[in-house]
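Participant: Attaching a predicted model along with its sequence, questions to come.
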Number of protein chains: 4
Amino acid sequence: MTIAVIYGGNRPNGNTESLTKLATQGLVVEEIYLKDYLIEPIIDKRHAEEGFPEINDDYDSIIDRILLHDILIFSTPIYWYSMTGTMKNFIDRWSQTLKDAKYPDFKNQMSQKRAYVVAVGGDKPYMKGLPLIQQFQHIFDFVGTTFDGYIIGEGNKPGEIVQDMNALFAAEQLRKKLQNASS
Amino acid sequence: MTIAVIYGGNRPNGNTESLTKLATQGLVVEEIYLKDYLIEPIIDKRHAEEGFPEINDDYDSIIDRILLHDILIFSTPIYWYSMTGTMKNFIDRWSQTLKDAKYPDFKNQMSQKRAYVVAVGGDKPYMKGLPLIQQFQHIFDFVGTTFDGYIIGEGNKPGEIVQDMNALFAAEQLRKKLQNASS
Amino acid sequence: MTIAVIYGGNRPNGNTESLTKLATQGLVVEEIYLKDYLIEPIIDKRHAEEGFPEINDDYDSIIDRILLHDILIFSTPIYWYSMTGTMKNFIDRWSQTLKDAKYPDFKNQMSQKRAYVVAVGGDKPYMKGLPLIQQFQHIFDFVGTTFDGYIIGEGNKPGEIVQDMNALFAAEQLRKKLQNASS
Amino acid sequence: MTIAVIYGGNRPNGNTESLTKLATQGLVVEEIYLKDYLIEPIIDKRHAEEGFPEINDDYDSIIDRILLHDILIFSTPIYWYSMTGTMKNFIDRWSQTLKDAKYPDFKNQMSQKRAYVVAVGGDKPYMKGLPLIQQFQHIFDFVGTTFDGYIIGEGNKPGEIVQDMNALFAAEQLRKKLQNASS
């Protein structure tokens, strides 16, 4: 079992990244920072006769990388009570991949993976982050991915996450679980 | 009272747009199609000493336009159980505007507006679209905007929205309300 | 196809009841007012060796009545952002029925039914009633019942529901749907 | 600062109770087991001319006891994705207390308290228990009580809660917080 981490944040060394690093410390993981790539918003052509156009950006290469792994960790700061627009644009494009002749098996492959979400926010994330978790559940349900757990953390300024003892403990628990799964 | 509509969809004449047009038929509205503009994802510099950098895209010009109006309609197809990445990137940038010396009064101005959401989805939107509505509530609460109502519609292929009688009726009710407010 | 309505309210002719009557007007429905029956709270013996004790109240007789029908309408005022305690006590007891030798086929029978929810509240039910809808989804998912739709209405004082045009229209739409299904 | 715990479960030594005991170990707390009292469902007379009738049950005595404390812990097993009917009936009656001449200051008193929720469920409570948490938020918002935190635990058979390391850790964190607050 191998692990990919998909980072949605736009700030280096942010709280979400720090918490995710704790959960993956000492493990071999493929790290994908979405902010370092060009991912165009989807042009919705699901029902167009001509189908989706070929897009010349980095999206497919990221899909290629995540499809190699069994466990996906979606790591996103909570911006405005939801995942970042950067991560959302990435997921929106899945609609295209689901119709892409280059990926005839996309849904089936996703259905064999397990996913975790790590999300840190500054405005009562334990309450106001709950709709985000529910959305990830719906997303994973659609492609059949097992949603195996999530960690919500609280933090605003860089570094504040270290004060959220419950989040740190949950990250350590997740690390043990991943270690067992990947060994 | 004047009205701006912020469209988040990436398909011309999609179901969400059609439903929104019903709700604004015969009214003077400023229509903003986000897909026609360049809106960079936020670079999160809320806590950086140097602050946010100036971004040379269309974002500020859109803010300038919506600030002129009393009523904002956020019209977004439901992609993956949430607003489109395009609309999310737009809203993510509000964090920058909140710290922008050019908009010292942004939050206060937003707090004097009323907002509506129109959202159409194809996969049980009356259930699976609810977290999206809750997120808009949190978003509007943060800036003090009055969340005055929403319409969820069901539709997948273009045109299907006309079969959702409840959504059509709700759009007509909203139209009457907007007409009274804007006259 | 026949229809049972399960009323959870404790006020005669309340807004929820009125709205539900609109949705069932002219149809043959079996009406069950839970407030008129004695339904003990569940004594949780799911994991006790001795199993659940026989309870001498009206609960089983209500189960017997609803099992006869194909369509169930759960009609509850929104008290404190959730179904009434009266209706909750009724549903809590399903855990007992699921283990009751008298009802070996309970889950299977429930899985062949369709359900609707009618819920009216006075404090922003279109927002604050959403968790209730999500809970009903989870409840119906567990027993396999198809959750075919819901109507949220707004009203506080008796009679106020007639001002909620969207709810009235949705009730009429539901009535047509039920009429087609039951004819 | 003193603490009251309101238990909503109907099984002695259930998982929810065990988890709550960990969070209150060594602290002086007033424990109220709702199942040991007679609490009638509310008869909704909010808008009746004659007002609410006097009910001869144990409800008022419980209100008297909780009003003495600064911190309230609502401890409920998750039955059917929500609080128990027993606890719901208790909270439903708050509508009566809000209009009760014997408690003219009820809302104001509640607004000076802090509340915690401890909830344990067996069917993916970390996902399916989220609407329950949102409802408690709405409930506390209405009366002005500060919702200071919650612990969700996973467990079905008695004793299983000890395997939920995150919940146990969170209980210990809550215990430290309560200890500081109450000393």
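Facilitator: The structure has been received and is ready for your questions.
Participant: Spell out which parts of chain A neighbour chain C.
Facilitator: A:Gln134 (CB under 8 Å from any CB of the partner chain). No exception for glycine: its C-beta is placed from N, CA and C like everyone else's.
Participant: Return the residues of chain A in contact with chain D.
Facilitator: Residues of chain A lying near chain D (CB under 8 Å from any CB): A:126-127, A:130, A:133-134, A:137, A:147, A:149-150, A:165-166, A:169-170, A:173.
Participant: As TSV, the residues you listed with pLDDT, distance to chain B and neighbour count would be great.
Facilitator: TSV is the format used below for the residues of chain A next to chain D (pLDDT from 0 to 100; distance: CB to the nearest CB, whole Å; neighbours: other CB atoms under 10 Å in any protein chain shown):
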residue	pLDDT	distance to chain B	neighbour count
A:Tyr126	96	13	18
A:Met127	95	9	20
A:Leu130	96	8	24
A:Ile133	97	8	18
A:Gln134	97	4	23
A:Gln137	97	9	22
A:Phe147	97	13	20
A:Gly149	96	18	18
A:Tyr150	98	14	21
A:Met165	96	22	13
A:Asn166	96	21	21
A:Phe169	96	25	19
A:Ala170	97	22	24
A:Gln173	97	26	17
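Participant: contacting residues around A:Asp58?
Facilitator: Contact analysis of A:Asp58 by CB atoms under 8 Å, 6 or more residues apart in numbering or on different chains lists A:Tyr37, A:Leu38, A:Ile39.
Participant: per-residue pLDDT, it?
Facilitator: A:Asp58 carries a pLDDT value of 97.
Participant: can you check A:Gly51 too?
Facilitator: Here, the pLDDT recorded for A:Gly51 equals 84.
Participant: tell me the secondary structure for the residue lying closest to it once chain neighbours are set aside?
Facilitator: With CB to CB, 6 or more residues apart in numbering or on different chains as the criterion, A:Gly51 has its nearest non-adjacent residue at 6.0 Å, and that residue is A:Lys45. Counting by DSSP: H, G, I helix; E, B strand; the rest coil, the backbone at A:Lys45 sits in coil.
Participant: buried stuff in stretch A:42-58?
Facilitator: A:Ile42, A:Asp44, A:Lys45, A:Arg46, A:Phe52, A:Ile55 (16 or more other CB atoms under 10 Å in any protein chain shown).
Participant: And stretch A:3-15, by the same measure?
Facilitator: Those would be A:Ile3, A:Ala4, A:Val5, A:Ile6, A:Tyr7, A:Gly8, A:Gly9, A:Asn10, A:Arg11, A:Gly14, A:Asn15, for stretch A:3-15 by 16+ other CB under 10 Å.
Participant: re the thing from before, which single one of the buried residues of stretch A:42-58 is nearest to chain D?
Facilitator: Proximity of those to chain D (CB to the nearest CB) peaks at A:Ile42, which lies at 26.6 Å.
Participant: If we ignore the residues flanking it in sequence, what's nearest that closest one?
Facilitator: The shortest distance from A:Ile42 to any non-neighbouring residue, by CB to CB, 6+ apart, is to A:Asp92 (4.4 Å).
Participant: Equivalent analysis for A:Thr84, please.
Facilitator: Spatially, and ignoring its direct neighbours in sequence, A:Thr84 is nearest to A:Gly8 (4.4 Å; CB to CB, 6+ apart).
Participant: can you check A:Gly149 too?
Facilitator: Closest residue to A:Gly149 apart from its sequence neighbours, by CB to CB, 6+ apart: A:Tyr116 at 5.3 Å.
Participant: Where does the one you found sit: helix, strand or coil?
Facilitator: Assignment for A:Tyr116 (three-state DSSP): strand.
Participant: Can you tell me the element the closest residue to chain C within chain A falls in?
Facilitator: Distances between chain A and chain C by CB to the nearest CB are smallest at A:Gln134, namely 7.7 Å. Secondary structure from DSSP states H and E places A:Gln134 in helix A:130-143.
Participant: can you pull the contacts of the closest residue to A:Phe140 other than its chain neighbours?
Facilitator: Computed as CB to CB, 6+ apart, the closest residue to A:Phe140 that is not its neighbour in sequence is A:Phe147, at 4.3 Å. When contacts are counted by CB under 8 Å, 6+ apart, A:Phe147 touches A:Ala115, A:Val117, A:Phe136, A:Gln137, A:Phe140, A:Asp141, D:Met127.
Participant: Which strand residues bridge A:Phe147?
Facilitator: Beta bridges link A:Phe147 to A:Ala115, judged by DSSP bridges.
Participant: for the contacts of A:Asp58, which one is nearest chain B?
Facilitator: Set against chain B, the nearest of those by CB to the nearest CB is A:Ile39 (8.6 Å).
Participant: tell me the pLDDT at the residue sitting nearest the centre point of chain A?
Facilitator: Nearest to the mean C-alpha position of chain A, counting by CA atoms, centre = their mean, stands A:Phe74 at 2.0 Å. Note on A:Phe74: pLDDT of 98.
Participant: before we move on, what SS does the residue lying farthest from the centre of chain A have?
Facilitator: Within chain A, the residue lying farthest from the chain centre (CA atoms, centre = their mean) is A:Glu49, at 31.3 Å. Here A:Glu49 is recorded as coil under three-state DSSP.
Participant: Look up phi and psi at it.
Facilitator: Note on A:Glu49: its backbone torsions stand at phi -60, psi -40 [degrees, to the nearest 10].
Participant: do the same with A:Ser82
Facilitator: Per-residue torsions, A:Ser82: phi -150, psi 180 (degrees, to the nearest 10).
Participant: Next, the angle from the helix ranked longest in chain A to helix D:165-182.
Facilitator: When chain A is parsed with DSSP state H, its longest helix is helix A:165-182. Using axes from the mean of the first three to the mean of the last three CA atoms, to 10 degrees, the direction of helix A:165-182 lies 170 degrees away from that of helix D:165-182.
Participant: Give the other helices and strands that the helix holding A:Gln134 contacts.
Facilitator: If you count contacts as 3 or more CB pairs under 8 Å, 6 or more residues apart in numbering or on different chains; DSSP states H and E, helix A:130-143 packs onto helix A:106-110, strand A:114-121, strand A:146-154, helix B:130-143, helix D:125-128, helix D:130-143.
Participant: Out of the ones you listed, which is the most enclosed?
Facilitator: Ranked by mean neighbour count, those are led by strand A:114-121 with a mean of 24 (mean count of other CB atoms under 10 Å in any protein chain shown).
Participant: tilt between that strand and helix A:130-143?
Facilitator: Following the same axes, to 10 degrees, one obtains 160 degrees for the angle between strand A:114-121 and helix A:130-143.
Participant: can you give me how far strand A:114-121 is from the chain middle?
Facilitator: 7 Å (CA atoms, centre = their mean, to the nearest Å).
Participant: quick check, nearest of the buried residues of stretch A:42-58 to D:Tyr33?
Facilitator: Each of the buried residues of stretch A:42-58 was checked against D:Tyr33 using CB to CB; the closest is A:Ile42, at 53.9 Å.
Participant: Would it be right to say that the closest one lies in a helix?
Facilitator: No: counting by three-state DSSP, A:Ile42 falls outside a helix, being coil.
Participant: thought it was touching A:Thr97?
Facilitator: No: using CB atoms under 8 Å, A:Ile42 makes no contact with A:Thr97, being 10.0 Å away.
Participant: Now do the end-to-end distance for stretch A:11-28.
Facilitator: Using CA to CA, to the nearest Å, the end-to-end distance of stretch A:11-28 comes out at 23 Å.
Participant: actually stretch A:44-61, not the one I typed
Facilitator: Stretch A:44-61 has its terminal residues 20 Å apart, counting by CA to CA.
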